[in-house]
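S.K.: sharing a model that was predicted from the sequence below.
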Amino acid sequence: MDPFSQIFSLLAVKSAATARFEAGGKWALRFPAKPYLKFNAVLEGESWITLPGSAPCKLERGDTFLMADAPEFIISSAPDIPAQEAATVLDHLPPNILHFGGKETVMIGGGFVFEENDARFLLGMLPKFVLIPARQAEAEALRTTLSLLNAELTSQQGAMGSSLVTRRLADILLVQGMRAYGMQKQGSDTQGWIRALADPQIGRVLTHIHRDLGATYSVQELATMAGMSRSGFALRFRNLVGYAPLEYICHWRMQIARNDLRDPNLSIADLAARLGYGSESAFGNAFKRVFGTSPRAYWQNSDMQAHDTLRSPFTSQTETAFFPAR
């Protein structure tokens with residue numbers, strides 16, 4: 001697998017859902033902060049989004065945006081309209097449709113809630129807000145997926161396999177959005193793991209690390225692989241990825257270990273050797289630094305909270321896409 005696919009294959013999604021949002025006339029709605037990854041896309045009309053500490057940003061038909069650890073935000077027909085709390089005024093219509101005033105503006109929203117440790121690892125490497133404009137070449141693939149997703153959300157309620165189809169389309173849309181973000185031309189020091197993968201030098205190193213995670217690495221060896229000086233590589237890696245090179249390797253090894261430890265028959269010693277640790281104790285110390293407990297105890301402790309992992313933290317699927325639990 002490439003690094004992007006490898007990371008997403010290990011993410012434990014606690015809940016995910018999508019909903020269609022319709023509004024018309026003069027309106028401004030405030031949506032609360034949500035500690036998860038979400039996306040929105042404009043299907044019809046236009047609107048404005050206002051984030052804390054930022055100037056209003058106009059959204060046009062075909063635009064898509066992603067938010068990681070989403071802050072409170074306002075969606076409106078114009079940036080100067082006083083906002084109302086969305087949860088108190090939106091009408092909920094089946095299947096998974098939120099309505100306010102009319103249909104001049106139509107958007108699709110989706111939210112993904114990850115297991116806590118996965119969320120910290122993933123969301124910490126993504127920017128808070130990513131705008132993918134309709135004019136960007138990669139937006140064409142997004143429009144195709146959005147059209148299919150919208151068809152599912154507006155189809156007759158209870159259609160065979162509808163929940164499964166919308167979930168899979170939401171997964172695809174999220175990956176397409178992150179891929180489009182990675183292809184955007186931004187400043188050379190724009191932070192974000194997706195941007196790092198698209199960087200010719202740092203991306204080459206990340207791909208090598210993910211292909212051979214058990215190898216012994218030094219910063220100098222990685223810098224040589226990137227064709228950079230040691231100091232220049234270390235600075236650029238941290239600026240883009242958000243971790244120092246060897247720190248990133250340790251954290252990714254622990255993500256792999258955490259997943260593999262679900263197997264009760266797994267030998268800790270074999271896992272430690274496969275991930276490049278000379279002893280079981282060295283591996284155990286690294287695991288405890290990242291997760292705060294020993295490898296053997298991690299899933300035993302987690303089993304006591306299994307019902308929390310399996311139960312959606314939201315009161316309904318529609319609220320997963322737009323609102324936290326009340």
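M.R.: Perfect, thanks for sending it.
S.K.: so Pro127: helix, strand or coil?
M.R.: Each residue gets one of three states, and Pro127 gets coil by DSSP: H, G, I helix; E, B strand; the rest coil.
S.K.: didn't it look like it was pressed against Ala70?
M.R.: No: using CB atoms under 8 Å, Pro127 is not in contact with Ala70, being 11.6 Å away. Heads up, the C-betas are built off the backbone N, CA and C, glycines and all.
S.K.: more crowded one of the two?
M.R.: Taking other CB atoms under 10 Å, Pro127 and Ala70 do not tie; Ala70 has more neighbours (23 against 16).
S.K.: OK, contacts around the nearest residue to Leu131 once chain neighbours are set aside?
M.R.: Here the nearest residue to Leu131 in space, its sequence neighbours aside, is Phe65; by CB to CB, 6 or more residues apart in numbering that works out to 4.9 Å. Taking CB atoms under 8 Å, 6 or more residues apart in numbering as the criterion, Phe65 is in contact with 39-41, 49, 59, 129-132.
S.K.: give me that answer again for 10 Å
M.R.: 38-42, 49, 51, 57, 59, 73, 129-133, 177, 181 (CB atoms under 10 Å, 6 or more residues apart in numbering).
S.K.: identify the bridge partners of it.
M.R.: For Phe65, the beta-bridge partners are Asn40, Leu131 (DSSP bridges).
S.K.: so for it, what's the pLDDT?
M.R.: At Phe65 the predicted local distance difference test score is 89.
S.K.: now do Leu122
M.R.: Taking Leu122 on its own, its pLDDT is 68.
S.K.: and if you look at Glu116?
M.R.: The per-residue pLDDT reported for Glu116 equals 68.
S.K.: do Ser15 as well
M.R.: Model confidence at Ser15, expressed as pLDDT, equals 68.
S.K.: please apply the same query to the one 10 residues further on.
M.R.: Model confidence at Gly25, expressed as pLDDT, equals 94.
S.K.: nearest spatial neighbour of it, skipping sequence neighbours?
M.R.: Once its chain neighbours are removed from consideration, Gly25 has its nearest residue in Gly101; the separation is 4.4 Å (CB to CB, 6+ apart).
S.K.: phi, psi of that neighbour?
M.R.: phi 90, psi -40 (degrees, to the nearest 10).
S.K.: report how many residues lie close to Phe114.
M.R.: If you count neighbours by other CB under 10 Å, Phe114 ends up with 20.
S.K.: give me phi/psi at it?
M.R.: When read as degrees, to the nearest 10, the backbone of Phe114 gives phi -100, psi 160.
S.K.: that one against Ile7, yeah?
M.R.: No: applying CB atoms under 10 Å as the test, Phe114 and Ile7 come out as separate, 11.2 Å apart.
S.K.: once you drop chain neighbours, what's closest to Arg274?
M.R.: Spatial nearest neighbour of Arg274, excluding adjacent residues (CB to CB, 6+ apart): Gly214 at 5.4 Å.
S.K.: please read the previous query as pertaining to Ala223.
M.R.: Nearest-residue entry for Ala223: Phe233, 3.6 Å, with adjacent residues in sequence omitted and distances by CB to CB, 6+ apart.
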